[in-house]
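Enquirer: Task: produce atomic coordinates for the following.
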Amino acid sequence: VAAAAKLCYSDCGIDEITEGLTTTNAEMFLGKLIDMGHESPLEHASFTFGIEGISRACSHQLVRHRIASYSQKSQRYVSEGGFDYVIPPEIAKNDVLTRDYESSMIYLEDCYGVFVRNLMALGRTKEQAQEDARYLLPNACTTSIVTTMNIRILLHFFKKRCCNRAQWEIRSVADEMLRQCLKIAPILFKNAGAPCVGGNCPEGTMTCGEPRQ
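Expert: Residues are numbered from 1 along each chain as shown. Got it, this is the predicted structure:
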């Protein structure tokens, strides 16, 4: 990232751009880059995350960030018999709601199995049966996904998804992704997070009311 940014301000050739670029002055240069808001060089470095145990509802929100790469567990090729699921915290707080929720998941799992078996009995292959039976699966069904984003896109992602107004599950994923990024590149992500971290809250009357926190 530092080399790419240096090229913008140097008359030397690309082969010479890393000469004299020590860890110390590269860090100083990157810090200045972030403070200036010069973000295009950040596209030259990317992070790859392996994310497990999130709901399909959450992964649908994740893949809305289109300038990224995704590889997700297929519900066509992988059986969802005995699927795991996410229970929203507000439901988990109530014993009655939790019981009814879990009963619903068991019912849908049974239905999924019945449809797979019946479709296969009608001559469909296992993959064909699963690709039709998956329409019965709930958004709560868990998934695994690998995603790669460049730093510039990650900064945008964190602005949107680390905000208190983001949905709770995608926010928890974003918060953990940011924690991991800060371990590797603290300078590049020093201003990352909800917009109120580095400036004013853009939510207006819909603000969470706790930007300082």
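Enquirer: Now do the same for residue 144: helix, strand or coil?
Expert: strand (DSSP: H, G, I helix; E, B strand; the rest coil).
Enquirer: Contact partners for the residue nearest to the spatial centre of the chain?
Expert: Geometric centre of the chain, nearest residue: residue 62, 4.8 Å, by CA atoms, centre = their mean. Neighbour list for residue 62: 51, 54, 70, 145, 147, 170, 173 [criterion: CB atoms under 8 Å, 6 or more residues apart in numbering]. Every C-beta, even on glycine, is put in place using the N, C-alpha and C of the backbone.
Enquirer: let's see 10 Å
Expert: By CB atoms under 10 Å, 6 or more residues apart in numbering, residue 62 lies in contact with 49, 51, 54, 68, 70, 72, 143, 145, 147, 157, 161, 169-170, 173-174, 177.
Enquirer: now do residue 27
Expert: Neighbours of residue 27 in contact, by CB under 10 Å, 6+ apart: 2, 186-188.
Enquirer: Residue 19 too?
Expert: So residue 19 contacts 3, 6, 12 (CB under 10 Å, 6+ apart).
Enquirer: could you pull out the strands for the protein?
Expert: Applying DSSP state E to the chain gives strands spanning 46-55, 69-72, 142-150.
Enquirer: Please list the residues outside the second one that contact it.
Expert: What that stands for is strand 69-72. Outside strand 69-72, the residues that reach it (CB under 10 Å, 6+ apart) are 46, 48, 50-51, 56, 59, 62-63, 143-150.
Enquirer: CA atoms only for stretch 191-211, dumped as CSV, please.
Expert: Taking C-alpha atoms only, stretch 191-211 is exported to CSV below (Å, rounded to 0.1, in the frame of the first residue of the first chain):
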residue,chain,number,x,y,z
ASN,A,191,-10.2,5.4,12.1
ALA,A,192,-12.4,2.4,11.1
GLY,A,193,-15.8,1.8,12.5
ALA,A,194,-19.1,3.5,12.6
PRO,A,195,-19.1,7.1,11.1
CYS,A,196,-19.2,8.7,14.6
VAL,A,197,-15.8,7.2,15.4
GLY,A,198,-14.1,9.6,13.0
GLY,A,199,-16.7,12.3,12.6
ASN,A,200,-20.4,13.2,13.0
CYS,A,201,-23.2,10.7,13.0
PRO,A,202,-25.0,10.8,9.6
GLU,A,203,-28.2,9.3,10.9
GLY,A,204,-29.9,12.5,11.9
THR,A,205,-33.1,12.0,14.0
MET,A,206,-32.5,8.2,13.6
THR,A,207,-29.2,8.3,15.6
CYS,A,208,-28.7,5.8,18.3
GLY,A,209,-28.0,8.8,20.6
GLU,A,210,-24.7,7.3,21.8
PRO,A,211,-22.0,8.3,19.3
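Enquirer: residues of that stretch that come out buried?
Expert: For stretch 191-211, burial by neighbour count (16 or more other CB atoms under 10 Å) applies to 192-196, 201, 203, 211.
Enquirer: Show me which pair in these is furthest apart.
Expert: Farthest apart among the buried residues of stretch 191-211 by CB to CB are 192 and 203. That separation is 18.0 Å.
Enquirer: With that, I have no additional questions.
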